[in-house]
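Q: I would like the atomic coordinates for the input below:
(chains A and B, ligands or ions: 1)
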Amino acid sequence: MAALLPVREQASGDGFFATRVDALVNWGRKNSLWPMPLGLSCCGIELMAMIGPKFDIARFGAEAARFSPRQCDLLVVAGTLTWKMAQAARTIYDQMPDPKWVIAMGVCSSSGGMYDSYAVVQGVDSILPVDVYVPGCPPRPDAVIDAILKLQQRIEREQPLKRVFALPEHVIEQGSGAWLRAPNSGVPKSASDLHPHDPRARRAIERREIERQGSGGGKV
Amino acid sequence: MSATAPPLSASAAVLGALEGVKCEVSMGRDGVATVELARELAHDALSRLRDRAGFEQCTLVTAVDHLIDNELGALAHAGARERYEVVWQLLCTTRVLGGRAERVRLRARVSESDARVMSCTDLWPGAAYAERECYDMFGIRFDGHAGLKRLLMPDEYEHHPLRKDFPHEGIEPDKLYRAWDAARRAAEPARDAGQERS
Ligand code: SF4
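A: Next comes the predicted model:
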C-alpha cells in the first residue's frame, strides 16, 4: 500500500491517472489469468501436464484452473471440437465474465487438424473469437505457456479504462478478441487449401499450370 | 503357436436351436457360423439362439449398405437384392469352437423403402446402444426399441453418414449450430453487443 501512495499524490496533479490505472489493471489481469480447461481430446492431457508441477503455469499466475466458466477469464480449447460440442463450447464462452480471452490449443482446435470431417468444426474461430493459436499435435506444454506469455503481452497493451469511459465506437475490442475474430477472412483461399486427396485440388493446380504456360507462350 | 484348424461346420448347438427356422447356415471364412435369414425371422432366431444354444451375449448389431454391390449386381444379372443387411453377432462364453469362444453371426436383408427390423433389446438390453448407433449411421429402425434416438450425430441431423450415398466430403451439421446461435443472439442481443462490433 505504501508503494501506491506516491502514485495517488501525483494523480491529483495532472492527467497522469488514467494510464496508470490501465497499467495497474492490466498488470493484475495478465498475472491472474484463470484458465477454463476445455479438454476435448488428446490435447487435454498436455493441458493437464502444463497445469501440473513439472511445467507449472503457477509461475505465470495461470494455475487456478476452475471448472466453472463463471470464475474464469481464459478459455483454453484443447482438442477436437465437434459440431455437436460446439453449442456447449459457445455456452461456456458466453458464461465467462468479460474480459475474456481464448487460446486455441493444437491444430484440431486451430483448423480442424487432421480431422477433415463433417463432424468436426474446422477451426474454433468459426464459433469463438480466438486470441492465440498454438500449433502442434499436441503442442508441448512449453508452447502453450508461450501462448500464455504472448497473451500477457497483448493484455499489457489493452486500455481497460477506455472500455468504461470512451464512446462505444472508440473502444478497441482487444480484450474480447473481436478484432482477431476471423484473421484470415480477407485472404483468398488457394487451390492447395483443398484436401490433397481431393481431385479438385489437383485439377485446379493443373489448370493454373496450363494457363500460366499459355499466357507465357503468348508473350514470347 | 499353431492355430487350431478352423471348424468346418456350425456347431450342433446352433443347428439344433435353429431347427425348423427357414434359414441358410454357412461357415464364414473367419470360422464363425453365419446364418442368413429373412428379417421377419431374425428376432425368433435370436431368441432361440439365446435360450436354447446359450449365446448369452450380443456383441454386435450393425448394418452393411450394399448400394454399390447392388449397382454392380444390377448390371451383371439384372436383379439386385435389398439394399441393407443387418448383422448381429452373438457370443457364447461357455463353449469353445475352433480354439475360441463360440460365436454366431446372423444376417438379414432389409429393403431401402422399409428399413426396419425387430429390436433385440428385449433379449439383450445392452444392445440398445448398438441399435441406436446403427439407426444413427444407417437409418435402420428397430421396432420395439424404447428410445431409438441418434447416438453420435445431433438429434436434428437429417443424414445417415455410413450410407454409401452419403457424400465423401460429408455434410456438416453446422446449419443446426448456426440456427441455435441465431436464436441465442435474438434472445439476448445485449450480451453480444460488444463482441460483434468490428
Ligand atoms: S491437435 Fe493432435 S493432440 Fe491435439 S486434440 Fe487434435 S489430434 Fe489430439
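
Q: okay, and the spatially most central residue of chain B sits in which element?
A: Note on chain B: the residue nearest the mean C-alpha position is B:Thr62, at 1.9 Å, using Cα atoms, centre = their mean. Per DSSP states H and E, B:Thr62 falls inside strand B:57-65.

Q: partner strands of that strand, parallel or antiparallel?
A: With DSSP bridges as the test, strand B:57-65 is paired with strand B:84-97 (antiparallel).

Q: any idea which helix or strand comes after the partner strand?
A: With DSSP H and E, the next secondary element past strand B:84-97 is strand B:100-110.

Q: which residues in chain B form strands?
A: B:23-27, B:33-38, B:57-65, B:84-97, B:100-110, B:116-118, B:141-143 (DSSP state E).

Q: mean pLDDT added to these, as JSON lines?
A: Output for the strands of chain B, formatted as JSON lines (pLDDT from 0 to 100):
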{"stretch": "strand B:23-27", "mean pLDDT": "86"}
{"stretch": "strand B:33-38", "mean pLDDT": "90"}
{"stretch": "strand B:57-65", "mean pLDDT": "92"}
{"stretch": "strand B:84-97", "mean pLDDT": "90"}
{"stretch": "strand B:100-110", "mean pLDDT": "90"}
{"stretch": "strand B:116-118", "mean pLDDT": "91"}
{"stretch": "strand B:141-143", "mean pLDDT": "92"}
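
Q: tell me which of the ones you listed sits nearest to the ligand.
A: Among these, the nearest to the ligand by Cβ to the nearest ligand atom is strand B:57-65 (26.0 Å). Heads up, the C-betas are built off the backbone N, CA and C, glycines and all.

Q: residues in contact with the residue in chain B that chain A sits nearest to?
A: Closest residue of chain B to chain A, Cβ to the nearest Cβ: B:Gly170 (2.6 Å). By Cβ atoms under 8 Å, 6 or more residues apart in numbering or on different chains, the contact set of B:Gly170 is A:117-119, B:161.

Q: now the residue in chain A positioned nearest to chain B: which helix or strand?
A: Residue nearest to chain B within chain A: A:Tyr118 (2.6 Å; Cβ to the nearest Cβ). Counting by DSSP H and E, A:Tyr118 is held by no secondary-structure element, helix or strand.

Q: and it, how many neighbours?
A: For A:Tyr118, the neighbour count with other Cβ atoms under 10 Å in any protein chain shown is 21.

Q: and for the one 3 residues further on?
A: Neighbour count of A:Val121, defined by other Cβ under 10 Å: 26.

Q: if I look at it, how far off is the ligand?
A: Going from A:Val121 to the ligand by Cβ to the nearest ligand atom, to the nearest Å gives 12 Å.

Q: quick one: contacts for that residue?
A: A:81-83, A:86, A:112, A:127, B:174.

Q: in a markdown table: these, plus pLDDT, secondary structure and distance to the ligand.
A: Converted to a markdown table, those look like this (pLDDT from 0 to 100; DSSP: H, G, I helix; E, B strand; the rest coil; distance: Cβ to the nearest ligand atom, whole Å):
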| residue | pLDDT | secondary structure | distance to the ligand |
| --- | --- | --- | --- |
| A:Leu81 | 91 | coil | 9 |
| A:Thr82 | 90 | strand | 11 |
| A:Trp83 | 89 | helix | 16 |
| A:Ala86 | 89 | helix | 15 |
| A:Gly112 | 85 | coil | 9 |
| A:Ile127 | 85 | coil | 17 |
| B:Asp174 | 81 | helix | 19 |
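
Q: list the contacts of residue 47.
A: In the absence of a named chain, this looks at chain A. Residues near A:Leu47 by Cβ under 8 Å, 6+ apart: A:37, A:39, A:76, A:78, A:105, A:141, A:144.

Q: oops, chain B please
A: B:Ser47 sits in contact with B:Leu123, where contact means Cβ under 8 Å, 6+ apart.

Q: okay, now B:Pro125: neighbour count?
A: Neighbours of B:Pro125 using other Cβ under 10 Å come to 11.

Q: mind checking pLDDT for it?
A: We note a pLDDT of 92 for B:Pro125 in this prediction.

Q: A:Val132 and A:Ser110 touch, don't they?
A: No: distance between A:Val132 and A:Ser110: 9.8 Å, which falls outside the contact criterion (Cβ atoms under 8 Å).

Q: what do these two both touch?
A: Listed contacts common to A:Val132 and A:Ser110 are A:Ala104; contacts here mean Cβ under 8 Å, 6+ apart.

Q: low-confidence ranges, chain B, go.
A: B:1-7, B:70-80, B:189-198 (pLDDT under 70).

Q: tell me where chain A is predicted with low confidence.
A: Counting by pLDDT under 70, chain A has low-confidence residues at A:1-20, A:162-163, A:166-202, A:215-220.

Q: please enumerate the strands of it.
A: Under DSSP E, chain A gives strands at A:35-39, A:74-78, A:101-105, A:132-134.

Q: who does the first one touch, helix- and strand-wise?
A: Translated: strand A:35-39. helix A:43-51, strand A:74-78, helix A:83-95 (3 or more Cβ pairs under 8 Å, 6 or more residues apart in numbering or on different chains; DSSP states H and E).

Q: can you list contacts of that strand?
A: Under the criterion Cβ under 8 Å, 6+ apart, residues A:44-45, A:47-48, A:51, A:57, A:62, A:64-67, A:69, A:72, A:74-79, A:89, A:92, A:96 lie in contact with strand A:35-39.

Q: give me the distance from that strand to the chain's centre.
A: 13 Å (Cα atoms, centre = their mean, to the nearest Å).

Q: how about stretch B:91-99?
A: 23 Å.

Q: and the residue nearest the centre of chain A, how far is that from the ligand?
A: In chain A, the centroid-proximal residue (Cα atoms, centre = their mean) is A:Asp131; its distance is 2.5 Å. Distance, A:Asp131 to the ligand, using Cβ to the nearest ligand atom: 18 Å.
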